[in-house]
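> Could you work out the structure for the sequence below:
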Amino acid sequence: MNEGPVLIHIWVIDPGEEAAALQSLDKMFGQIATDPGFVSARILESADRASLAAFVEMRTVEDRQRLEQLPEIRDTLDHLHGAANLIIRLYHQVDTYQALA
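Residues are numbered from 1 along each chain as shown. Here you go, the predicted structure:
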């Protein structure tokens with residue numbers, strides 16, 4: 001499988017630390033949003049608030065790889081406040097679907 005421009009990162013989070021973790025992610029995504037290779041990002045939380053997921057889409061694989069090497073980004077991904085890393089996976093797009101008009 002070839003690497004793609006999408007990164008999905010999932011953390012197990014202490015619900016009491018969720019606000020601090022979300023603040024760290026907000027700061028990180030505020031920095032990423034100005035990157036010319038940035039397309040979009042989403043932060044998701046599980047219904048039980050026991051995990052957070054970040055979905056980041058960059059324009060190219062090289063943009064994603066470069067982003068992951070930035071110290072402030074790497075530090076947030078690896079050491080999110082009040083969280084433990086659960087899954088880090090790289091994905092490539094297989095298909096896309098749009099709403100029909």
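
> distance between the longest helix seen in the chain and the chain's centre?
Using DSSP state H, we find that the single longest helix of the chain is helix 18-32. Centroid separation for helix 18-32 versus its chain: 10 Å, with C-alpha atoms, centre = their mean, to the nearest Å.

> State the distance from the residue nearest the centre of the chain to Ala99.
Taking C-alpha atoms, centre = their mean, the centroid of the chain lies closest to Ala54, which sits 3.1 Å from it. Separation of Ala54 from Ala99 (C-beta to C-beta, to the nearest Å) stands at 24 Å. In this view, the C-beta of every residue, glycine as well, is placed from N, C-alpha and C.

> ditto for Ala19
For Ala19 relative to Ala99 (C-beta to C-beta), the value is 33 Å.

> Neighbour count: those two, which is higher?
Ala19 (11 against 4; other C-beta atoms under 10 Å).

> mind listing what the more buried one touches?
With C-beta atoms under 8 Å, 6 or more residues apart in numbering as the criterion, no residue contacts Ala19.

> Please apply the same query to Leu25.
43, 52, 54, 76, 80.

> Among those residues, the buried ones, what's the ChimeraX command?
Only the buried entries of those go into this ChimeraX selection, using 16 or more other C-beta atoms under 10 Å:
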select :52,54,76,80
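
> Pick the one among the contacts of Leu25 closest to Val94.
Val94 lies nearest to Ala54 out of the contacts of Leu25, by C-beta to C-beta, at 20.4 Å.

> Alright, I will stop here.
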